[in-house]
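S.K.: Below are the sequence and a predicted model for it; my questions follow.
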Amino acid sequence: MRLDRLLANNGLGTRSQVRDMISRGGVQVNGAVITDPSKHVSEDDEITYGGDQINCRTRLYYLLDKPDGVLTAMEDKRLPCVADYIPSELRSKKLSPVGRLDYHTSGLLIITNDGELSHRLQSPRYKVPKIYLATFRGLEWRENEIATISSGFTIKDKGYSEQIAPANLEPLDFADGTGRAYLTLTEGKTHEVRRIFAHFNKEVLELRRLELAGVKVGEALDSCGTLRPLTEDELNLLFDATGMAQINQQTPC
């Protein structure tokens, strides 16, 4: 496969953009700087850009820092959706988001075409930890409420009983009727964070997912809207959390 095509397929830009990267000397193949975009490469070549290794994968893994006010869907005729943040050169790769973040929740969202990893990350069986930062309005958290959350409890906000799995709530600060807290979940019920807070008469004003299985985004919103490939270390964290063998998923270019 041509070098410029491989880089474009891995989401590093359009063909014209990656040709510029290559011509500027930013790409190395087997330790040597390559400035010819048409150079042919194979799965046995070590390709780096900016010090990061580029792999020729059939399965692709990305992290999107989803903004507030974006639908977790690959297509919607009315509202902004995560597909709007995926470059056109990746649209044919059958990428899809892992699970859902609410329309008004920002933060970490894995985008992949690896169906098995997606299934495992969402399955309650693997108890994959997800950490959220919530800004809320209401009374300050009491110790008995935190203990109830940590042991699990039954919620009836939909007219029937539903068990909420044990979770960890860590209050951060509180003043003038508003506060912030971290909440770590190991399941993914619809609107679960907001429902937990509402159960204790607290209204979530802002919600951001910061972490999934050790893969992180920052608390600040300045990275919202960015899409980047997962690093090998991040991918290994996801594989370890879901019990997946770290199989070499490269195929010939």
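M.R.: That came through, no problem.

S.K.: which secondary structure element contains residue 169?
M.R.: Assigned by DSSP states H and E, residue 169 falls within strand 168-175.

S.K.: what do you get for residue 132?
M.R.: Using DSSP H and E, the element containing residue 132 is strand 130-137.

S.K.: is it fair to say residue 109 lies in a strand?
M.R.: Yes - using DSSP: H, G, I helix; E, B strand; the rest coil, the assignment for residue 109 is a strand.

S.K.: pretty sure it contacts residue 72?
M.R.: Yes - in this structure, residue 109 is within contact of residue 72 by Cβ atoms under 8 Å, at 6.7 Å. Using the backbone N, CA and C atoms, a C-beta is placed for each residue, glycine as well.

S.K.: Spit out the residues that contact the two alike.
M.R.: 66, 82, 97, 99, 101 (Cβ atoms under 8 Å, 6 or more residues apart in numbering).

S.K.: roughly how far apart are the last one and residue 124?
M.R.: What it means is residue 101. 18 Å (Cβ to Cβ, to the nearest Å).

S.K.: Comparing those two, which shows the higher neighbour count?
M.R.: residue 101 (23 against 11; other Cβ atoms under 10 Å).

S.K.: Residue 42 and residue 60, how far apart?
M.R.: Distance from residue 42 to residue 60, by Cβ to Cβ: 19 Å.

S.K.: do residue 175 as well
M.R.: For residue 175, the distance to residue 60 - Cβ to Cβ - is 44 Å.

S.K.: So those two - more neighbours on which side?
M.R.: residue 60 (20 against 8).

S.K.: ok, the strand holding residue 169: who's next to it in the sheet?
M.R.: The pairing partners recorded for strand 168-175 under DSSP bridges are strand 178-185 (antiparallel).

S.K.: and the partner strand with strand 130-137, angle?
M.R.: 160 degrees (axes from the mean of the first three to the mean of the last three Cα atoms, to 10 degrees).

S.K.: Buried residues of strand 178-185, list them for me.
M.R.: Residues 179, 180, 181, 182, 183, 184, 185 are the ones in strand 178-185 that count as buried (16 or more other Cβ atoms under 10 Å).

S.K.: Need the contact partners of that strand.
M.R.: Contacts for strand 178-185 (Cβ under 8 Å, 6+ apart): 129-138, 140-141, 149, 165, 167-174, 192-193, 196, 205, 210.

S.K.: out of these, which are buried?
M.R.: 130-136, 138, 141, 149, 167, 169, 192-193, 196, 210.

S.K.: rounded to a whole number, what's the mean pLDDT of stretch 36-44?
M.R.: Stretch 36-44 shows a mean pLDDT of 83.

S.K.: Only alpha carbons, please: show that stretch as CSV.
M.R.: Output of stretch 36-44 as CSV, limited to C-alpha atoms (Å, rounded to 0.1, in the frame of the first residue of the first chain):
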residue,chain,number,x,y,z
ASP,A,36,8.0,10.3,-1.2
PRO,A,37,4.2,9.8,-0.6
SER,A,38,4.1,7.0,-3.2
LYS,A,39,6.5,4.8,-1.4
HIS,A,40,5.0,1.3,-0.9
VAL,A,41,5.0,-0.1,2.7
SER,A,42,4.0,-3.4,4.2
GLU,A,43,2.9,-4.8,7.5
ASP,A,44,6.5,-5.6,8.4
